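> sequence first, then the predicted structure:
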Amino acid sequence: MKIKPRSHSHIRAGFTLIELLVVITIIAILASLVTAQANRLMADGRKLQVQTVIKDLRVAITSYQVDYNRWPVNSSLLAGAASGQDIQALPTDENSGIVGALTTLTSSANAGGGGATTNLNPRDIKFIDLPIAKNGRFGLVNAQPPYKLVDLWGTPYYVLLDTNGDKQVANPDLNNADPKISSNPISPPPKMLPLEIAIYSWGQDLQKQTQDDVVSWRSK
C-alpha cells in the first residue's frame with residue numbers, strides 16, 4: 001500500500017500572534033521615524049521662511065542707509081548713540097519706525113513719547129515687500145499705520161544697528177541659554193560681530209537668546 005505524500009496545500013496559512021505583534025511593532029517604529037522626520041522638515045521649512053524675511057530686512061535696511069545716509073529709526077531712539085555705544089536691539093514694532101520707513105505704507109511714523117511724527121521716508125522709496133499677517137502671524141500687523149512686522153510665531157524681529165560707527169555690534173550669542181552656543185570651546189562666540197546690521201527672531205519657543213533663535217549671523 002502506497003502512502004501519498006502530504007500536499008503542501010495542507011500547510012497552515014496565516015500568522016501567529018507573535019508574528020502579528022512583530023509586524024505591528026515594526027510598522028509603529030517606521031511610523032514614528034517618518035513622523036519625526038516630517039516634523040523636522042516642517043520646522044526647517046518654517047525657519048527658512050523666517051530667515052528669508054531676515055535677509056530681506058537686512059538688504060532693505062542697508063539700501064535705506066545708502067539712500068538716506070541714516071538708519072530707518074525714529075531719531076528719539078538714536079539718543080544712545082551719542083554716548084559712543086550702539087543702541088539696544090530694536091523690535092520691528094509700532095514704535096521703532098523701521099517698518100514704515102522701509103515700506104512706504106506710511107510716510108509718517110510714530111516717534112514715540114508724546115505722539116510726535118517724523119518723516120522717515122520722504123521720497124517714498126519701497127525698500128521691501130512684506131506680506132499681510134494672517135491671524136497675527138508672519139507679516140504686517142495692524143489695519144492702519146503704524147505697522148508692526150512679526151514672524152511665524154507672532155513676535156517682532158529684533159534689529160541690532162551699528163549706530164556708533166565702529167562697524168560692529170554686540171553679539172547676542174554671548175548670553176545664549178544654550179552652552180553649545182554661548183560657551184562653545186571649539187568655536188566660542190566673539191564679543192562683537194563684525195557687522196553693521198544683525199537681525200534675529202526669538203523662534204518657536206518665544207524666548208530670547210535660546211537655541212532655536214533664528215539669526216542672521218550664523219548658519220544654524
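Noted; the coordinates are in hand.
> any weak-confidence spans in the chain?
By pLDDT under 70, the weakly predicted segments of the chain are 1-14, 80-82, 105-117, 220.
> for it, longest helix please?
Determined from DSSP state H, the single longest helix within the chain is helix 17-68.
> how far does it sit from its chain's centre?
13 Å (C-alpha atoms, centre = their mean, to the nearest Å).
> how far off centre is stretch 148-168?
Using C-alpha atoms, centre = their mean, the offset of stretch 148-168 from its chain centre is 11 Å.
> can you give me the helices for the protein?
Assigned by DSSP H, the helices in the chain fall at 17-68, 98-103, 179-182.
> okay, the ones you listed, which one's buried deepest?
Among the helices of the chain, helix 98-103 has the highest mean neighbour count (mean count of other C-beta atoms under 10 Å), at a mean of 26. C-beta: built from backbone N, CA, C; applies to glycine.
> output that helix in PDB, but only the C-alpha positions, please.
This file holds the C-alpha atoms of helix 98-103, laid out as PDB (Å, rounded to 0.1, in the frame of the first residue of the first chain):
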ATOM      1  CA  ILE A  98      11.600 100.700  10.900                       C
ATOM      2  CA  VAL A  99       8.700  99.000   9.100                       C
ATOM      3  CA  GLY A 100       7.100 102.300   7.900                       C
ATOM      4  CA  ALA A 101      10.400 103.600   6.700                       C
ATOM      5  CA  LEU A 102      11.100 100.600   4.500                       C
ATOM      6  CA  THR A 103       7.700 100.000   3.000                       C
END
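> buried sites along stretch 199-219?
By neighbour count on 16 or more other C-beta atoms under 10 Å, the buried set for stretch 199-219 is 199-204, 208-209, 213-217.
> what about it, start to end distance?
One end of stretch 199-219 to the other measures 13 Å (C-alpha to C-alpha, to the nearest Å).
> and the contacts of that stretch?
43, 46-47, 50-51, 54-55, 57-58, 89, 151-153, 155, 157-160, 171-173, 175-178, 180-181, 193, 195, 197-198 (C-beta atoms under 8 Å, 6 or more residues apart in numbering).
> rerun at 7 Å
47, 50-51, 54, 57-58, 151, 153, 155, 157-159, 172, 175-178, 181, 193, 195, 198 (C-beta atoms under 7 Å, 6 or more residues apart in numbering).
> export the buried residues of stretch 199-219 to a markdown table and tack on distance to residue 25?
Converted to a markdown table, the buried residues of stretch 199-219 look like this (distance: C-beta to C-beta, whole Å):
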| residue | distance to residue 25 |
| --- | --- |
| 199 | 47 |
| 200 | 43 |
| 201 | 40 |
| 202 | 40 |
| 203 | 35 |
| 204 | 32 |
| 208 | 42 |
| 209 | 42 |
| 213 | 38 |
| 214 | 38 |
| 215 | 41 |
| 216 | 45 |
| 217 | 45 |
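> which of those lies closest to residue 28?
residue 204 (26.9 Å; C-beta to C-beta).
> if we can go back for a sec, packing partners for the longest helix of the chain?
Counting contacts by 3 or more C-beta pairs under 7 Å, 6 or more residues apart in numbering; DSSP states H and E, helix 17-68 packs against helix 98-103, strand 197-201, strand 214-215.
> hmm, back to that, nearest to residue 135, out of the helices of the chain?
helix 17-68 (14.9 Å).
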